[in-house]
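**Student:** Give me the fold of what follows.
(2 chains)
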Amino acid sequence: MSELTYCDWFQSRLSDLLDWEAPGGEPAGAEDIGEAARLRAHAAGCPRCRGLLESTRQSLQMLRLSDSEITLPGFVSQRLHEELSRAMAADRGWSRQKAMDSPARSESGKTGRRWIYWGWRPALASMAIMAVLAGGIWLRMRSQAVILQGWLVDGHCAPRLIAMGVSGGAHQRDCLLRPACRKAGYGILRHGHWVRFDARGNSKAVRVITRSRRRDHLLVRVRGDRRGNTIQVASLSLLPVAEAVSYDAGNSSGDPAPAQTHSAR
Amino acid sequence: MSGMEQPVRPPDPDLELFRRVQAGDGDAFQELARRHEHAIYRTALAITRNEADAEDVTQETFLRAFAHRDQFRGEARFSTWLTQIAINAARMRLRKRHGDMWESLDQAAEEDDRAPREIAEWREDPEIQYGKEELRARVEQAMGGLPPSYRAVLVLRDLRDCSTQETAEILGLSLANVKTRLLRARLMLRERLAKREGISIA
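**Tutor:** Model (predicted):
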């Protein structure tokens, strides 16, 4: 410490002192305990170093406070768990391992009551699978392959824009990125009607919005399967400004030629 | 020697769930994801400073963790392992956006191990002055001004409660380097928060 003043020495050890104050971070060993005592003694007698210690401690408190306010948006969490389910379903080794470890297998051969108990479960599971398959087939029969063109608008602002009877062209990119708007999910606004995107479409919409530097007039073309008021988005593209302005002025011919529209695929 | 790590590590609260994952329980992994998704998102956001990137990094982290679940041996905490994956994914994002900024900052940090001398004066307790939103905006701005490699150390040590040893392992740094960066990052954060107040340098 020959070249350093005591204040410099204190500053260089400030982090250690803060760490020693943390729960479970007490100094270990006589050397550290002695060093902590010397640092505290210096802070007690030096207003400048005491102030430095206090204010650094406060800035870390501010950091922790602000961090605790941040949470993963709900729709992103939902998308994450959907993707995880997909990854699990796609993992063949996982499925095989799961089947090997299933209670039905490991507990087979036990008491008769246990055997009867598990006996109705496969039948129930089969019925459930058949019901899901039937539902899926019914939904697919109702699906419609579409290509739509319209304004990229979130579910939070869409009802307001429709109620006001205004075009989505003026809807701003900054607004689209507001937490409430992101949370509500995205969709396409056309002819006074808003059609919601599925989780994949939302993910694509976020990419389109964040990558674009356009302030407004976010005219998009979406291709996918429409089921009721939701589109399962296959692709989403931002159209050029000129096209957006023309669309806003009502000069556009509307939606592009639709892909094969079908009632069953 | 200062700042010795705790000799006895507390048991990992995620280990039991992870054992169930390894036995093929999908719900257990979903539960682990639910436990850590917010922390991983905060970590990714603190590094990338971009919400869309942080969301992608969060998703990528859990998908990678699931795909490479056999590589987790339980030597480190599960949360540390996840954080390591998230930091690497966030680094890749930063590289794509800003070139190899992270690496150049790694080198720059070695040059001078003395802490900054000039200390900005700090007058009042800012927690009392600001509402939550304003506080968050100020901290975000201050954090945004920190070099990414310093930010990473600060986030891991002061927000994710990683030990110096864990931080060093996650970032591939020496213990001394972690300590140097942590001191600088803390002082820089303090300086930037003080400067936001328009306070003069003492």
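
**Student:** For residue A:248, give me the pLDDT.
**Tutor:** For residue A:248, the model assigns a pLDDT of 83.

**Student:** show me what contacts it?
**Tutor:** A:167, A:169, A:217, A:219 (CB atoms under 8 Å, 6 or more residues apart in numbering or on different chains). For every residue, glycine as well, the C-beta is placed using N, CA and C.

**Student:** Could you count how many residues lie near residue B:21?
**Tutor:** As a burial measure, residue B:21 scores 22 neighbours (other CB atoms under 10 Å in any protein chain shown).

**Student:** One more: residue B:173?
**Tutor:** 20.

**Student:** Could you do the one 3 residues further on as well?
**Tutor:** Other residues within reach of residue B:176 by the criterion other CB under 10 Å amount to 11.

**Student:** The helix or strand where it lies - contacts with which helices or strands?
**Tutor:** Per DSSP states H and E: residue B:176 is located in helix B:175-196. Where contact means 3 or more CB pairs under 8 Å, 6 or more residues apart in numbering or on different chains; DSSP states H and E, helix B:175-196 is packed against helix A:14-21, helix A:47-68, helix B:132-144, helix B:148-154, helix B:164-171.

**Student:** any idea which of those helices is most buried?
**Tutor:** By mean neighbour count, with neighbours taken as mean count of other CB atoms under 10 Å in any protein chain shown, helix B:148-154 ranks first of the helices and strands packed on helix B:175-196 at a mean of 23.

**Student:** Now that one - C-alpha only, PDB.
**Tutor:** Extracted in PDB, the C-alpha atoms of helix B:148-154 (Å, rounded to 0.1, in the frame of the first residue of the first chain):
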ATOM      1  CA  PRO B 148     -21.500  -5.500 -21.900                       C
ATOM      2  CA  SER B 149     -18.800  -7.500 -20.300                       C
ATOM      3  CA  TYR B 150     -19.000  -5.400 -17.100                       C
ATOM      4  CA  ARG B 151     -22.800  -5.500 -17.200                       C
ATOM      5  CA  ALA B 152     -22.700  -9.300 -17.400                       C
ATOM      6  CA  VAL B 153     -20.500  -9.500 -14.200                       C
ATOM      7  CA  LEU B 154     -22.800  -7.100 -12.400                       C
END
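
**Student:** okay, and for chain B, where does confidence drop off?
**Tutor:** B:1-9, B:98-132, B:195-202 (pLDDT under 70).

**Student:** can you rerun that using 80?
**Tutor:** Low-confidence segments of chain B (pLDDT under 80): B:1-11, B:96-135, B:195-202.

**Student:** Mark out where each domain of it begins and ends.
**Tutor:** B:12-99, B:100-202 (automatic domain parsing).

**Student:** closest to residue A:125 out of those domains?
**Tutor:** When the domains of chain B are compared by CB to CB, domain B:12-99 sits nearest residue A:125, at 15.7 Å.

**Student:** hmm, the closest one in reach of chain A?
**Tutor:** Yes: for domain B:12-99 and chain A, the contact criterion (CB under 8 Å from any CB of the partner chain) is met by B:23-26, B:29-30, B:33-34, B:37-38, B:41-42, B:45-46, B:50-52, B:55, B:58-59, B:62-63, B:66-67.

**Student:** re earlier: and of the contacts of residue A:248, the nearest to residue B:186?
**Tutor:** Out of the contacts of residue A:248, the member with the shortest distance to residue B:186 (by CB to CB) is residue A:217, at 44.9 Å.

**Student:** hang on, that closest one in a strand?
**Tutor:** No: going by DSSP: H, G, I helix; E, B strand; the rest coil, the assignment for residue A:217 is coil, not a strand.

**Student:** quick one: contacts for it?
**Tutor:** A:169, A:170, A:241, A:244, A:245, A:248.

**Student:** Identify the farthest-apart pair in those.
**Tutor:** A:170 and A:241 (13.8 Å).

**Student:** Now the stretch 101-250 of chain A against chain B: closest residue?
**Tutor:** residue A:210 (4.2 Å; CB to the nearest CB).

**Student:** ok, that residue - contacts?
**Tutor:** Residue A:210 neighbours (CB under 8 Å, 6+ apart): A:177, B:50, B:51, B:52.

**Student:** Can you tell me the element it falls in?
**Tutor:** helix A:199-211.

**Student:** After that helix, which helix or strand is next? Please name it.
**Tutor:** strand A:219-227.

**Student:** Can you mark which positions in the helix or strand following that next one are buried?
**Tutor:** Downstream of strand A:219-227, the first helix or strand assigned by DSSP H and E is strand A:230-238. Buried residues in strand A:230-238, counting neighbours by 16 or more other CB atoms under 10 Å in any protein chain shown, are found at A:230, A:231, A:233, A:236, A:238.

**Student:** before we move on, back to that, the contacts of residue A:248, buried ones only, as a ChimeraX selection?
**Tutor:** If you want just the buried ones from these in ChimeraX, going by 16+ other CB under 10 Å, the selection is:
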select /A:167,169,217,219
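
**Student:** Identify the residue with the minimum pLDDT among the contacts of residue A:248.
**Tutor:** residue A:167 (80).

**Student:** Now do the phi/psi pair for it.
**Tutor:** Backbone torsions for residue A:167, taken as degrees, to the nearest 10, come to phi -70, psi 150.

**Student:** Test my guess that it contacts residue A:151.
**Tutor:** Yes: Residue A:167 lies in contact with residue A:151 (CB atoms under 8 Å); the separation is 7.1 Å.

**Student:** other SSEs contacting the host helix or strand of residue A:181?
**Tutor:** Assigned by DSSP H and E, residue A:181 belongs to helix A:179-184. In terms of contacts (3+ CB pairs under 8 Å, 6+ apart), helix A:179-184 is packed against helix A:74-90, strand A:144-154.

**Student:** As CSV, the ones you listed with distance to residue A:134, mean neighbour count and mean pLDDT would be great.
**Tutor:** Below are these laid out as CSV (distance: least, CB to CB, whole Å; neighbours: other CB atoms under 10 Å in any protein chain shown; pLDDT from 0 to 100):
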stretch, distance to residue A:134, mean neighbour count, mean pLDDT
helix A:74-90, 20, 17, 87
strand A:144-154, 20, 21, 89
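
**Student:** Can you lay out these as JSON lines showing distance to residue A:64?
**Tutor:** Output for these, formatted as JSON lines (distance: least, CB to CB, whole Å):
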{"stretch": "helix A:74-90", "distance to residue A:64": "22"}
{"stretch": "strand A:144-154", "distance to residue A:64": "31"}
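
**Student:** quick one: the helix holding residue B:176 to helix A:14-21, angle?
**Tutor:** 100 degrees (axes from the mean of the first three to the mean of the last three CA atoms, to 10 degrees).

**Student:** Give me the distance between helix B:175-196 and the centre of its chain.
**Tutor:** Taking the mean of its C-alpha atoms, helix B:175-196 sits 13 Å from the chain's own mean (CA atoms, centre = their mean, to the nearest Å).

**Student:** what angle separates it from helix B:164-171?
**Tutor:** Going by the same axes, to 10 degrees, helix B:175-196 makes 90 degrees with helix B:164-171.

**Student:** What residues of the host helix or strand of residue B:54 count as buried?
**Tutor:** Here residue B:54, judged by DSSP H and E, is contained in helix B:51-67. Of all the residues in helix B:51-67, those buried under the rule 16+ other CB under 10 Å are B:51-66.
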